[in-house]
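K.L.:
Sequence and predicted structure below; questions after.
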Amino acid sequence: MNKTSVKIREQSHYDDMLLALLPIILCACVMYSARVLLVCVVAFLTARISDVAMAVIRKQEVDTSDKSSTVAALVFCMMLPVSVPLYIVVVTVAVTVVLGKHAFGGKDVYPFSLAALAMCFAAVNWPNQALAAVTPLTKVSFWSGAAESALSGASQIKAGGLPYVSTINLLLGYHPGAMGSAFILVILSVAVFLLVGKRITWHIPVSFLATCAIIAIVFPRIYGVSRFDSLKLELLSSALIFYAVFMLNEPATTPHNPKAKIVFGVLSGVLTMLFRYFGSYEIGGCFALLLVNATEGFWDRLFSAGGIFENSRSFKAWIAQLGLNKKKAAPVTAGNVEIKKAKKSAARKSADKAAGSADTGNQLLDIISAAEDNIDQVEFTTRTIDVKQALKELEEKQKKEGR
Amino acid sequence: MDRKTKVNRELANWDDTVRRRKVLLSNPVFIKGLALAPLSVAATTLGNSLMLSIAVILILTPTRVITSLITRRMSVPLKTFFYPLTSAVVFGFAYYAMYKVFGTWPLNMGAYLPILVVDPLIVKNFEKTRKESFLYSIINGLRNTAGFVMACILLGTIREFLAYGSIGGLSIISVKLLPMARYSFGGFLIIGVMCALWNMYVNIYHDKLKKEAAGYELNG
């Protein structure tokens, strides 16, 4: 897959993320009030204005197709309570877009998840307002956001208590909490939509949730209930599933190699649970994600071609240096001689094959370089570009032109 | 001297201009990045900033002047040793004077007031192998002090406004815009932003000079 197609994919990722957030925002409007829309609109406008202002300051063109800030702003809103004052949303989103995104180079190159950064920023600055919880269907003032606050399930668990919420209410999100991170069923259906549309892969969410689940079962922190109930409350009463779907799959801040993704997910899970068990904030996932984001490039390098786990030659050489692969010499028998001969002929055959494939490879490289020269002639009509098809078309075109 | 000659001369001797205008174009804090530790930790309010500024006024220039007199015939390694030593002696007097005037207020700074003795803002000058003249040490010391005091008061005012919504203890707004500004990591973040803005200002000024000079050349 070439660079252009990767960029197109990332853009469609953000488009689909926006689409996926819509049902959650709708549910939040029903459960809480129309103030959810007000908070989302304020966050959206702040993100866009900050993007435009930074583009002007950096003397760059305003990129209207870049939706990463918008998605991050809306994801951040869904983790806030409905009673949050609007100035908190404005300051947090502006600081996150300016310092978290543009100070690091802007679109596609920022190292930390913007939504996680925003949530950590808000939690450190205004813990009482940003981490408050409101019971669904309570009266909320539209402009000031004044509402009766309650104790969320996550805070009850953190304080050593036991939240009395039925499983169906946990799944429906009908318990005190943030605006949109508690609608488990809706989030799961949205996750299926994103997985089927190949906008996210299973690697990070599954490895992250599996790690969290294993830790919750092996080291339960809720006493007086069975291990299964403890697991259920850990996973469903907080925003773990929301993190797994919306925050851990940002293309700019997560690895691209599947194996690296699994390690990334496992590490995020371990750190999230450590923050939740021993940290002072309930949003341990956000702090954990910021830490793991810093290692993203490392995992990709480690597992990509040339990395220590993929480059078998260097790995073998390394083992040889350690002297771990010294085998005993086999006794010389008629059978062994035959085996050696068979091995030699097989090696010769594979060498011939490799030479043949090298020729093919060279031809392919010639074709690719020709394609690069005539890149303006290739028509990119689909979202994901089929390179083989494009090359074929180019060859046919060249044949027709008699080149 | 007309404007055209002045602009062309400033542009031709840009490095000299920067050196001369230490307060703005070569600010010791925002451009050179000196004295960041006491500023990010201790300069949380306007009052604290004033206290820090007074300490620097009392320490920086006298240290430079005394050291330039003492180390005139000394080798560089000995000069290195004498800078913090002189600074420590001067700080002793300065602290006593501050204690007499302000009482226990300087204690609010914690370790960040005595740490000024070995702050790069004060001891960085020992790196220079060139001997500093008496007059130059006074001028340079005053320029550096003015640059630091300006940055310190600006930073303290901004941090107090963002963290508490007040300036000099006087409440301005009821909303706390950025409570983390009272912590050292918040201070570090704000210093970073201010450094970026300051550099932007210097670049804009440089570009403006360039454009003006080009305009004069075009118009003859």
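P.N.:
Now that the structure is in, tell me what you want to look at. Every value quoted in this text rests on a predicted model; they were computed, and no experiment measured them. Numbering: from 1, shown residues only, chains lettered A, B, ... in the order given.

K.L.:
just the helices in the stretch 101-250 of chain A please.
P.N.:
Ranges of helices in the stretch 101-250 of chain A, per DSSP state H, counting those that start in this stretch, are A:114-125, A:127-130, A:153-158, A:167-172, A:184-196, A:203-218, A:227-236, A:240-242.

K.L.:
Can you say which of those helices is nearest to A:Cys29?
P.N.:
Closest to A:Cys29 of the helices of the stretch 101-250 of chain A, according to C-beta to C-beta: helix A:184-196, at 12.4 Å. (Glycine included, C-beta is placed from N, CA and C.)

K.L.:
what's the angle from the closest one to helix A:203-218?
P.N.:
With axes from the mean of the first three to the mean of the last three C-alpha atoms, to 10 degrees as the basis, helix A:184-196 and helix A:203-218 are set at 140 degrees to each other.

K.L.:
Tell me which other helices or strands helix A:184-196 touches.
P.N.:
Helix A:184-196 sits against helix A:3-31, helix A:167-172, helix A:240-242, with contacts defined as 3 or more C-beta pairs under 8 Å, 6 or more residues apart in numbering or on different chains; DSSP states H and E.

K.L.:
Check those for me: which has the lowest mean pLDDT.
P.N.:
When the helices and strands packed on helix A:184-196 are compared by mean pLDDT, helix A:3-31 comes last with a mean of 80.

K.L.:
For residue 102, list the residues it contacts.
P.N.:
As the question left the chain open, I've gone with chain A. Listed by C-beta atoms under 8 Å, 6 or more residues apart in numbering or on different chains, the contact set of A:His102 reads A:Asp51, A:Met54, A:Arg58.

K.L.:
You answered for a different chain; I wanted chain B.
P.N.:
Contacts of B:Phe102 by C-beta under 8 Å, 6+ apart are B:Met51.

K.L.:
Could you check how far it is from B:Gly165?
P.N.:
B:Phe102 sits 25 Å away from B:Gly165, taking C-beta to C-beta, to the nearest Å as the criterion.

K.L.:
interface residues of chain B facing chain A?
P.N.:
Contact residues (C-beta under 8 Å from any C-beta of the partner chain) of chain B with chain A: B:Val175, B:Lys176, B:Leu177, B:Leu178, B:Pro179, B:Met180, B:Leu189, B:Val193, B:Ala196, B:Met200.

K.L.:
Quick check: which element contains the last one?
P.N.:
Under the criterion DSSP states H and E, the helix or strand holding B:Met200 is helix B:184-218.

K.L.:
quick one: buried residues of that helix?
P.N.:
B:186-187, B:189-191, B:194-195, B:198, B:202, B:206, B:209, B:212-213 (16 or more other C-beta atoms under 10 Å in any protein chain shown).

K.L.:
can you put those in a markdown table and add pLDDT?
P.N.:
Rendered in a markdown table, the data for these read as follows (pLDDT from 0 to 100):
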| residue | pLDDT |
| --- | --- |
| B:Gly186 | 92 |
| B:Gly187 | 93 |
| B:Leu189 | 91 |
| B:Ile190 | 94 |
| B:Ile191 | 94 |
| B:Met194 | 93 |
| B:Cys195 | 93 |
| B:Trp198 | 92 |
| B:Val202 | 91 |
| B:His206 | 89 |
| B:Leu209 | 87 |
| B:Glu212 | 86 |
| B:Ala213 | 85 |
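
K.L.:
count of neighbours near the nearest residue in space to A:Val62 that is not next to it in sequence?
P.N.:
Counting by C-beta to C-beta, 6 or more residues apart in numbering or on different chains, A:Val62 lies nearest to A:Ala55, which is 4.6 Å off, once chain neighbours are set aside. A count of nearby residues for A:Ala55, using other C-beta atoms under 10 Å in any protein chain shown, gives 17.

K.L.:
Then the one 5 residues further on?
P.N.:
Other residues within reach of A:Gln60, judged by other C-beta under 10 Å, total 12.

K.L.:
Torsion angles phi and psi at it?
P.N.:
phi -120, psi 160 (degrees, to the nearest 10).

K.L.:
returning to what we had before: out of the helices of the stretch 101-250 of chain A, which is closest to B:Arg72?
P.N.:
B:Arg72 sits nearest to helix A:114-125 of all the helices of the stretch 101-250 of chain A, at 51.4 Å, using C-beta to C-beta.

K.L.:
Mind giving me the packing neighbours of the closest one?
P.N.:
Applying 3+ C-beta pairs under 8 Å, 6+ apart, we find helix A:114-125 packed against helix A:68-78, helix A:86-95, helix A:127-130, helix A:284-293.

K.L.:
what's next to that helix, contact-wise?
P.N.:
Outside helix A:114-125, the residues touching it (C-beta under 8 Å, 6+ apart) are A:68-69, A:71-73, A:75-76, A:79-80, A:88, A:91-93, A:95-97, A:100-101, A:130-131, A:246-247, A:250, A:281, A:283, A:285-287, A:289-290, A:293, B:178-180.

K.L.:
can you do 7 Å?
P.N.:
Residues from elsewhere that reach helix A:114-125 (C-beta atoms under 7 Å, 6 or more residues apart in numbering or on different chains): A:68-69, A:72, A:75-76, A:79, A:88, A:92-93, A:95-96, A:100-101, A:130-131, A:247, A:281, A:283, A:286-287, A:289-290, B:178-180.

K.L.:
helix or strand for residue 55, which one?
P.N.:
I'll assume chain A. Going by DSSP H and E, A:Ala55 is in helix A:35-57.

K.L.:
wrong one, chain B
P.N.:
Counting by DSSP H and E, B:Ala55 is part of helix B:46-70.

K.L.:
Only the buried residues of that helix, if you could.
P.N.:
B:46-68.

K.L.:
That one: what's the following helix or strand?
P.N.:
Next helix or strand after helix B:46-70 toward the C-terminus (DSSP H and E): helix B:76-102.

K.L.:
Pull out the buried residues from the helix or strand following that following helix.
P.N.:
Per DSSP H and E, the first helix or strand lying C-terminal to helix B:76-102 is helix B:120-123. For helix B:120-123, a neighbour-count test (16+ other C-beta under 10 Å) marks B:Leu121, B:Ile122, B:Val123 as buried.

K.L.:
unless I'm mixing things up, the second one is touching B:Thr86, no?
P.N.:
Same thing as B:Ile122. No - between B:Ile122 and B:Thr86 there is no contact under C-beta atoms under 7 Å: 9.4 Å.

K.L.:
Touching both of these two, which residues are there?
P.N.:
B:Thr63.

K.L.:
Against B:Ile54, how distant is A:Ile241?
P.N.:
On the measure of C-beta to C-beta, A:Ile241 and B:Ile54 end up 56 Å apart.

K.L.:
Next one, pLDDT for the nearest residue to A:Leu195 once chain neighbours are set aside please.
P.N.:
With C-beta to C-beta, 6+ apart as the criterion, A:Leu195 has its nearest non-adjacent residue at 6.4 Å, and that residue is A:Trp202. pLDDT for A:Trp202: 93.

K.L.:
and after the helix or strand bottoming out on mean pLDDT in chain B, which helix or strand comes next?
P.N.:
One helix or strand of chain B scores below all others by mean pLDDT, DSSP states H and E: helix B:120-123, with a mean of 76. With elements assigned by DSSP H and E, the helix or strand that comes after helix B:120-123 is helix B:134-164.
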